[in-house]
Structures are given as structure tokens and as C-alpha cells.
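J.: Coordinates for the following, if possible.
(chains A and B)
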Amino acid sequence: MTDSSALYHEIILDHNRRPRNFRVLPDATVEERGLNPLCGDELTLYLRMEDDHIVDASFQGSGCAISRASASMMTTLVKGKTRAEADAMVERFRGLATGRAEMDDDLPSSLRAFAGVARLPQRVKCAVLAWHTLHAALRNESGAAREREARQR
Amino acid sequence: MSALVPRSDFPLLSVNPALVYLDSAATAQKPRAVLDAMNEFYESDYANPHRGAYALSARATERYARARGAVARFFGVRDEECLIFTRGTTDSLNLIAGAWGRANLGRGDEVIVTGAEHHANFVPWQQIAIERGATFTICPLAADGRADVEALAALVSRKTRVIAFNHVSNVLGAINSVPEIASIARSVGALSVCDGAQGAPHMAVGFDALGVDFYAASAHKMLGPMGTGVLIGRREVLELLPPYQTGGDMIEFVGDERTTWNVLPHKLEAGTPNVAGAVGLAAACDYLTAIGIDAVASHERALVRLAYERVSAIEHVRVHGPAATERSGVLSFTVGDIHPHDLASLLDERQICIRAGHHCAQPLMRRLGVSATARASFYVYNDENDVETLGAAIESAKRVFALA
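T.: Below is the predicted model of the structure:
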């Protein structure tokens, strides 16, 4: 099997066809927009944070199967994670998708499907879009949280 | 139907016999004649032109001038000093939007572009309009993607100072009636600027009879090298144009306080020119002339008709733009809900090169109501087999996505 069809695993096709958490989150505490200016893929990521935990996550937007499946799996996997755990997952996923790191045991096995993207440099940005957006959301949210605390003091 | 020229004319295609190159609207492959001409210039006549204290520099100057002559003949420009060498269509359009716009546009003036422009003929005009406080108007499109000339005629007024439009849409292959739009511009005293990036490679331009004030094109889409292009203009407008860039070569006299400008074309070509690029473009023009530009046009149209029939017959495929008989060699399509990037990746594994995305034409994508399309484009080296390979690969991609 060649690189591209190897990438289109059943799990990716399934998440593309029936994306999980594909909705607006009415009680989101964070909303972050991600964009691939070159290909026009875009998504909005919604998180509901309680203290340090992501209690709910969802997304909306348009993009290719790789970016959609990636966002779908990511929103499923980060629910219940702490900010630090989610950030660590972002780092490991980036490593996997760019070929800098091998699949490691700390990463959920469903994400193994994205390992093939590292061999298709023009598609790496599709796979990491949701994860970049999550990273930005957590950074912005923690900034906003610090400001809220500062104001309360 | 076989290719119009032997594949062996193109070194890259010769060493990759299985490659199905269907992205010539992005950039065309290069015939050996172009590569040899550029190499020969570097090996035989290379020096900085216009500095002619020695014979070699005079030869380089001569090569540059001869290249301009050859390119001017190809574009149908008698007054070859009105052909400015640039870095490409984007550079040409920025030149005219920037230099002319800054000198001529003001509050209350209107700039018109069409909804089918490539970003290169959209953003420079949008930005100069913002800078000068002018109104930026987008001419609506007819159903086939051409500029709606009736709407345009109703839209223009004495406030309209410039109409910028494409000769051929890079997404749809729709061919605008250049003389008709130029005449609408003339009727209100507006400048007409035609983006010929997708026109010049595929059909005779005949600038002197075309009626537009300016015509821009890129060498790399017409078998020439990257980094070279042309802006052709009417002398009356070019003479009044302030410089676009300043520096070497474009000056007449540099005083401590003031500088005067060189004559055309040098006034608009600051710095050491890309002589090898011009030589390569001239060789590309000669190559196309030898085939016959009309033969190029009919070959592409025959191929695109075949492709239209083959691809649009596949269930779930939607072809965008004009009818098969009304288009240049470009076919934009979508396949069900398969994203064009996924389709392009799956085609790539069969060594088929197509473009996928918004094609640097986001305003047009919005008007088509899609976020992206897949685009196959045809040129002199493509043949009937390429069309069949494309069709079969689309069918196979549908199977991967379980689209029956």
C-alpha cells in the first residue's frame, strides 16, 4: 500500500464521515479559531474548562478528512484532561505527525493512524491544525484566567 | 488524441514517464529549448547589460534587447519599448496598481475588479483603493464565471478610473471578452488592465488590436522560467507613469537633490535585469510559435472537452464553470463530499499532479459556494491517456471514501 491510501485508515475515514463533538458548545469557556491560510481549512474549537480541567470539548469548521478526523479524535481524547496533560499530548502529537518522534505509549493508540502523515509533508499541517488550535486555546485561556485572578485579588 | 509535442522535448517528463502532469495552470514544464537557451546565454554572452564598456557586456545587452523583440512579436506589440520585463504577473499588476494608482486615484474615484480574479489582480487593487480612499467595486459574474458585461456596463460611471479583469479564469477556464470589457472601460475614460497569466500561454494575445491599456503575463506558465514576466502597456499611459521602483538603470541623471528618469522601457526596470529570464521567455515564445499558438489552443480545448465528458460522467462529480466548448484547458471540480486535498493526495500516489484548494481566488470560491475545488489543467504535452488516467483515479478515490 502506498503512502496516501495507508493514511486513509478506516478510523480516519470514520471520524471524517461522522465527526465526534462536531457542534457549538453553548457553555464554552474558551473559543479559539484555527486557520490554514494556504489551503483554507478552518475550525473553531470550543472548550469548557473547570478549574484546571477540560470538562468538554467540541469543534466546527470545514476542512479535509485528515484535519476533520484529527479534530474529532482530539476533542474526544482531551475531555477530562488537565491543562498540563492536554499540552503534553499536543507536543507528542506534533512529534508524531512531523516524524520527529515515534509513536509512544503515552499517546492513545487511535492516533497511530496519523503516523503516516509524516511521510506526506504537504499534509502535516492538516493533521496538526486542531492541535495547534488547542495549544493556542490553552495558552490564551490560562492568560485570561490569570487576569481574572489578578482582578479578584 | 496524442500530445501536441513529443514528451521527449521536456527533460522532466522524459525522466518521469509515468508522471501525469495536470497542473500547468500553476506552472508549465520546460522544454529543453528553453533550458538550453538560458544555459547558452550564461555560457556565451553573460555579463551585466547596459554597462557596455567591453564587447561581452554589449553582447549581453544585445541578447536582452533581442529577447524583448521576440517576446513583443509573440504578444503582438509593435512598439517593443512598451513591453516591460517584470518578475511575473503579480509583479506586473503591483507595478500598475501601485505606480498608476498612487498617481491617479483619489477620494470618490472607483476601482472595479471582477469576482473571478486571482488574488494577484484583486488584492493590489483593493489595497490601493483603501490607501487612496477610492471605492472598490466587484463586478458580478455570469453563471459561467465570466464577467457579466451587461452588469459591468450598467455599473461604470465617470467615477470609474480603472477596470481590472482576467483574460482567462485560473479556476474555471472561462474566457472573458477582452475587447468588450476594454471598450466599456474606454466609454467612461477608465483604464483597462487585463491579467493574462492564463491567457497568453494558451491563445494569441495580439495586444495592439486587443483594445486594453495593460496586459500582464508570467513566463513560467508559458514554458518559460520562473521569476520573469511582462507588463505591456500603451505608450501614452506608460510615458506618464511614475517609476515603480527606483535605483540603477532606470535613471537619466541623479543630482544631489533631484533625479530624472530614463526612457521606456528602462524607466520601469530598476536594477540589473533578469536577462537569462528574458532569454528563456523568448525561447518559450519561439517554441510556442513553432507549434502554432492556434494549434496549442485547439489541442487544449479538445483535451478539456474529453476531460469534461469523462469526469462529469462520474457520479457525484460536479464540474464548475462554463460548458466544455467554452473553456480554456482548465477543469475545476468537486467529488461528492471528498475534500479536494484528500482527492489530490490519493491522485498523487498514482503520480497524477493536480491542484487542490482555493487557487488563490478566495472571492471566487465564495461566489461558487465552495471552500475548495480540485483542478486539472492541460497543456501541449498532455494527451488522451492523461484524461483516462485522471478519470480512473477519481473513481478509485471514490472507492477509498466509500462513495458509491
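J.: Can you get me a residue count around residue 84?
T.: Defaulting to chain A. 10 (other Cβ atoms under 10 Å in any protein chain shown). Backbone N, C-alpha and C define where each C-beta goes, glycine included.
J.: meant chain B, my bad for not saying
T.: Taking other Cβ under 10 Å as the criterion, the count of residues near B:Ile84 is 26.
J.: where does it land in three-state SS?
T.: Classification of B:Ile84 by DSSP: H, G, I helix; E, B strand; the rest coil places it in strand.
J.: What does the pLDDT read for it?
T.: Confidence at B:Ile84, expressed as pLDDT, is 98.
J.: Then A:Asp106?
T.: 75.
J.: my guess is it contacts A:Arg92, does it?
T.: Yes - A:Asp106 is in contact with A:Arg92 according to Cβ atoms under 8 Å; the separation is 6.2 Å.
J.: Isn't B:Ser157 up against B:Ala190?
T.: No - here B:Ser157 does not reach B:Ala190: they are 9.3 Å apart, not a contact under Cβ under 8 Å.
J.: Tell me how far the residue in chain A that chain B sits nearest to lies from B:Ala372.
T.: Closest residue of chain A to chain B, Cβ to the nearest Cβ: A:Cys64 (3.7 Å). Distance check for A:Cys64 against B:Ala372: by Cβ to Cβ, to the nearest Å, it reads 8 Å.
J.: So which of the two has more stuff around it?
T.: When neighbours are counted by other Cβ under 10 Å, A:Cys64 comes out ahead of the other of A:Cys64 and B:Ala372, with 29 against 25.
J.: How about the residues of chain A by chain B?
T.: Contacts of chain A with chain B, taken as Cβ under 8 Å from any Cβ of the partner chain, map to A:2-5, A:7-8, A:13, A:17, A:38-41, A:62-66, A:68, A:120, A:122-123, A:126.
J.: out of B:Ser157 and B:Ala190, which sits in the more crowded spot?
T.: Counted by other Cβ under 10 Å, B:Ser157 and B:Ala190 do not tie: B:Ala190 has more neighbours, with 23 against 9.
J.: and the spatially closest residue to that one that is not a sequence neighbour, what are its bridge partners?
T.: In space, and not counting its chain neighbours, B:Ala190 is closest to B:Thr160: 4.5 Å by Cβ to Cβ, 6 or more residues apart in numbering or on different chains. Each beta-bridge partner of B:Thr160 is listed here: B:Glu110, as defined by DSSP bridges.
J.: same deal with A:Phe59?
T.: Listed beta-bridge partners, A:Phe59: A:Phe22, A:Leu45 (assigned using DSSP bridges).
J.: Contacts only, for it.
T.: A:19, A:21-22, A:43-46, A:71-72, A:75, A:130 (Cβ atoms under 8 Å, 6 or more residues apart in numbering or on different chains).
J.: same for the lengthiest helix in chain A, what does it pack against?
T.: In chain A, taking DSSP state H as the definition, the longest helix is helix A:121-152. Packing partners of helix A:121-152 (3 or more Cβ pairs under 8 Å, 6 or more residues apart in numbering or on different chains; DSSP states H and E): strand A:30-36, strand A:41-50, helix A:65-78, helix A:83-98, helix B:340-348.
J.: rewinding a little: mark which of the residues of chain A next to chain B are buried, thanks.
T.: A:4, A:7-8, A:13, A:39-41, A:63-66, A:68, A:120, A:123, A:126 (16 or more other Cβ atoms under 10 Å in any protein chain shown).
J.: Kindly confirm my reading that B:Leu93 forms part of a helix.
T.: Yes - when three-state DSSP is applied, B:Leu93 is found to be in a helix.
J.: Now do stretch A:24-34: distance to the chain's middle.
T.: 13 Å (Cα atoms, centre = their mean, to the nearest Å).
J.: who's in contact with that stretch?
T.: By Cβ under 8 Å, 6+ apart, the list of residues contacting stretch A:24-34 from outside reads A:42-49, A:56-58, A:60-61, A:129-130, A:132-134, A:136-138, A:140-141, A:144.
J.: and with 7 Å instead?
T.: Counting by Cβ atoms under 7 Å, 6 or more residues apart in numbering or on different chains, the neighbours of stretch A:24-34 from elsewhere in the structure are A:42-49, A:56, A:58, A:60, A:129-130, A:132-133, A:136-137, A:140-141.
J.: Same question for stretch B:88-106.
T.: Under the contact criterion Cβ under 7 Å, 6+ apart, stretch B:88-106 has outside partners B:86, B:111, B:120-121, B:124-125, B:128, B:132-134, B:161, B:191, B:193, B:195, B:197, B:214, B:216-218, B:227-231, B:241-244, B:268.
J.: With stretch B:221-230 instead?
T.: Residues outside stretch B:221-230 that contact it (Cβ under 7 Å, 6+ apart): B:27-28, B:30-31, B:34, B:38, B:71, B:75, B:83-89, B:91-92, B:197, B:200-201, B:216-220, B:274, B:277-278, B:280-281, B:284, B:287-288.
J.: Separate out the buried members of the residues you listed.
T.: B:28, B:30-31, B:34, B:38, B:71, B:75, B:83-89, B:91-92, B:197, B:200-201, B:216-220, B:274, B:277-278, B:280-281, B:284, B:287-288.
J.: what secondary structure does B:Gly189 sit in?
T.: coil.
J.: Below-threshold pLDDT in chain A: ranges please.
T.: Residues of chain A that meet the criterion pLDDT under 70 lie in A:1-5, A:153.
J.: who's in contact with B:Arg305?
T.: With Cβ under 7 Å, 6+ apart as the criterion, the residues that contact B:Arg305 are B:324-325.
J.: Helix or strand for it, just tell me which one.
T.: Using DSSP states H and E, B:Arg305 sits in helix B:293-312.
J.: Ok, B:Thr137 next?
T.: strand B:135-139.
J.: buried sites along that strand?
T.: Across strand B:135-139, burial judged by 16+ other Cβ under 10 Å covers B:137-139.
J.: Can you lay out those residues as JSON lines showing distance to chain A and pLDDT?
T.: What follows is the buried residues of strand B:135-139, written out as JSON lines (distance: Cβ to the nearest Cβ, whole Å; pLDDT from 0 to 100):
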{"residue": "B:Thr137", "distance to chain A": "25", "pLDDT": "98"}
{"residue": "B:Ile138", "distance to chain A": "19", "pLDDT": "98"}
{"residue": "B:Cys139", "distance to chain A": "23", "pLDDT": "98"}
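J.: Any idea how many residues pack against residue 140?
T.: In the absence of a named chain, this looks at chain A. By the criterion of other Cβ under 10 Å, A:Asn140 has 13 neighbours.
J.: wait, I meant chain B there
T.: The criterion is other Cβ under 10 Å. On that basis, B:Pro140 has 14 neighbouring residues.
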